Structure formats: structure tokens, C-alpha cells
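Student: how would this look folded up:
(chains A and B)
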Amino acid sequence: MIERVTVVERIMDANDRLAQANLTRLDQAGVVAVNLMASPGAGKTSLIERTLDALGGQLRVAVIDGDIATSLDAERAAAAGARAVQINTGGQCHLDSSMLQQALDQLPLAELDLLIIENVGNLICPSGFQLGAHHAVLVASVPEGDDKPYKYPGMYRGVNALILNKVDLLPYVPFNLDYFRQGVEVLNPGLEFLPLSCQTGEGLESWMSWLRARLPGVGR
Amino acid sequence: MHELSVTQKLLELALDRAQRAGGGRIRRLHVVIGELSSMIDDSVAFYWDLISQGTAAEGAQLTFERVAAELGCQQCGCRYQLKASKLTCPDCGSTSVSILAGDELLLQSIDLVRVAKPEKTGGRQP
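Tutor: Coordinates of the predicted model:
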């Protein structure tokens, strides 16, 4: 005889519970964590380099790099002065909360102020997996085109701040900023919008102000 | 590609709930997938057959209920379906809209077949 058992539970619930445990662990250690997400080539690693440079050693920063196979990004973060931990996802297109948990095990959390998590370059999968970071930041970029909020609504809905990188290319690339922002406004009303260029440095100060405001008691 | 991870979570959840319900073989899973959750049914089904092998859910059928993305305008109150190129309200153009449906990713229920336990009085247990 077949018996139906009602479950009605979100399939990602177990992942989200572990994410909550990661967040608690970071809170107890006094570390603020930022989950950086973007498509490949949007400029996540460049933004991390610029950010470390702007912090100028004021903070104790670690970078966790999610990458399918290489350690190129972690090497760049280490060269820029951060403790770097590489997570090779072995073909997986995103980080999840258990991968973050393992990476946290490799870091001296009590000796850190800021943790930057560089997610795998991808606009679909990472949005479905909570990690346990305090802030989720999406790095969009001008050459990707202005239709990305419409094509990847899940990603745009789940973040606390939106960077638009490579604004120095706006004069050369068809990109309707109004259309882009209209899509963002529908998906994520009032989302913090930070246009900048890691190449020219334009707009970086606004990003740094946003970040510093989220780091209580440090960087004064 | 994230279908593999999600399918693993689905298997873990189903096995856990079957256990809590007293155990047995899982014959069917009812899964609700919203349009905004970016999940491909065929891909989930493909991974399911691979990873459920050797578990109490081996051979179980997956039944998918798709939920279309539906938006509601907070200005004029109209409800509309998501179109890829336009998110604003089709009637009044407002950007003040909320997502009413479409981001579900749920295990709704499982169908279990009880495995007969040895009778207590049967004396077949050592």
C-alpha cells in the first residue's frame, strides 16, 4: 500500500540552515563577510584588488576564492595583501554553505576583520545557495549589456548592493542605463547602486564608503 | 549545473522524511519548481536516477509541478505573467511590483511503500 507523506519543505533548507551556522560563527569572531557574485569577466578579482589597495592595510582581510579549477584569482588576492583560501569546486558552478564552512576552518577568524568571498563566475547558480555572508554584492559590468536584470532576475533579487563596473566603457558600448535600472528597481526596490570603474578608479570611493559603513569599529 | 547539488539536497530531504515517517521505500516525489528558480526538470531527473541508486529512493518517480512567475502591480493592482524583456506593469508602467509566485523550490510530498516488518510474535528474530 502506498502512503503519501506530506513534506512541504524548501529543498534548499538544509543548505540555508548551515549558512545560518556560518553566519553565527562569523558574528562570534567579529568578522564581516561579503559574498561577491558576478558573471565571468565582470571584474570581481579586480574589485578585490582595488578594495585591498584602498584599505591600505587598515583591516585584516581574507579572501575566499571559489573557482572551478584554477588558483589564479586566489594568487592575485594574496599578491594584493590578503590571506587567501582557494576552493576548487571541482566543476560545480557555485559555492554552497558547506564549502564555505570548510574554508572557514582554514582561516584564523579571530584575527580577521573582513572576509570577501569571491563566488564562481555565474549569474544563475550562486543566487540559489545561501552561504552565510552578511552582505551579498553583485558586480555587473557594462559590456554584459543592459538586459541582464531581465534575464537573471533571481540574481538581481537576492543582493544587498549592485556594482556596475566598467562605466568608463559607457560611451563605446550600447547600454541603456535607464532600462537597466528600471529592471533592477522592479526586482529589488531601493537597491544600493554603485557605478564604478576598476580601470580608472571612478566611483570607487562610493563603494569603499558603502563597505566601510558596514564594518563597525574598524577602518577609522 | 546546479541541478546536481539541488538534486542531492532533494534526495537527502526525501530520505530524511521517509525515515521520520517510519521508513519504507520511496516510490514517488512531488516537487514544485517555480519559473524563477532556474531549474531544468530533465536535468534533475537525469541526476536523480544516478544518485538515488542504492538508497531507499532508488527507482522513485519524480513528478514536477511547474509554477509560472506571476507579478502584481502595487499601483493599479493588476496581475501579469513575467516577460523576459519587460518587468514593469503592462497597464500603468509602474516599477512598484511584487513577485506573487514563481520562486518556489519545494518538496511537496513523498509516496512511501511500507516495508513489512517481521512480526513480533513470529519468532523469526533471533
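Student: residues making contact with the helix or strand hosting B:Asp49?
Tutor: Using DSSP states H and E, the secondary-structure element containing B:Asp49 is helix B:41-51. When contacts are taken as CB atoms under 8 Å, 6 or more residues apart in numbering or on different chains, the neighbours of helix B:41-51 outside the stretch itself are B:3-4, B:6-8, B:10-11, B:31, B:33, B:60, B:62, B:64, B:66. For glycine as for every other residue, the C-beta is placed from the backbone atoms N, C-alpha and C.
Student: tabulate those residues (TSV), appending distance to chain A.
Tutor: Shown next, in TSV, are these (distance: CB to the nearest CB, whole Å):
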residue	distance to chain A
B:Glu3	9
B:Leu4	7
B:Val6	6
B:Thr7	9
B:Gln8	10
B:Leu10	5
B:Leu11	10
B:Val31	8
B:Ile33	9
B:Ala60	11
B:Leu62	12
B:Phe64	12
B:Arg66	15
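Student: would you mind measuring from A:Arg10 to chain B?
Tutor: 6 Å (CB to the nearest CB, to the nearest Å).
Student: confidence score at that residue?
Tutor: Taken from the predicted model, the pLDDT recorded for A:Arg10 is 92.
Student: go on, the one 5 residues further on?
Tutor: Listed pLDDT for A:Asn15 reads 91.
Student: need the contacts of helix B:41-51 in TSV with neighbour count and pLDDT, can you?
Tutor: Conversion of the contacts of helix B:41-51 to TSV gives the following (neighbours: other CB atoms under 10 Å in any protein chain shown; pLDDT from 0 to 100):
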residue	neighbour count	pLDDT
B:Glu3	21	88
B:Leu4	17	89
B:Val6	24	92
B:Thr7	24	94
B:Gln8	17	93
B:Leu10	25	96
B:Leu11	21	97
B:Val31	27	96
B:Ile33	22	94
B:Ala60	22	96
B:Leu62	17	96
B:Phe64	14	96
B:Arg66	14	94
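Student: now, which of these lie within helices?
Tutor: B:3-4, B:6-8, B:10-11 (DSSP state H).
Student: what segments of chain A are helices?
Tutor: A:13-29, A:44-55, A:72-79, A:97-105, A:148-151, A:153-157, A:177-187, A:204-212.
Student: tell me the mean pLDDT over the shortest one?
Tutor: What helix A:148-151 shows for mean pLDDT is 92.
Student: what comes into contact with it?
Tutor: For helix A:148-151, contacts defined as CB under 8 Å, 6+ apart pick out A:39, A:123, A:140, A:156, A:180, A:183-184, A:186-187, B:84-87.
Student: of these, closest to A:Glu205?
Tutor: When those are compared for distance to A:Glu205 (CB to CB), A:Ala140 comes out closest, at 19.0 Å.
Student: count the neighbours of that closest one for me.
Tutor: Other residues near A:Ala140 come to 28 when the count uses other CB atoms under 10 Å in any protein chain shown.
Student: so what pLDDT did it get?
Tutor: What the model reports for A:Ala140 is a pLDDT of 98.
Student: contacts only, for the residue in chain B positioned nearest to chain A.
Tutor: Using CB to the nearest CB, B:His2 is the residue of chain B that sits closest to chain A, at 3.6 Å. Listed by CB under 8 Å, 6+ apart, the contact set of B:His2 reads A:92-94, A:124-125, A:128-129, B:38.
Student: specify which member of the ones in helices among the contacts of helix B:41-51 is nearest to B:Arg20.
Tutor: Each of those was scored against B:Arg20 by CB to CB, and B:Leu11 proved nearest at 15.0 Å.
Student: so what's that closest one up against?
Tutor: Counting by CB under 8 Å, 6+ apart, B:Leu11 makes contact with B:48, B:51-52, B:55, B:57.
Student: wait, does stretch A:119-138 contact chain B?
Tutor: Yes: under the criterion of CB under 8 Å from any CB of the partner chain, stretch A:119-138 makes contact with chain B via A:124-125, A:127-129.
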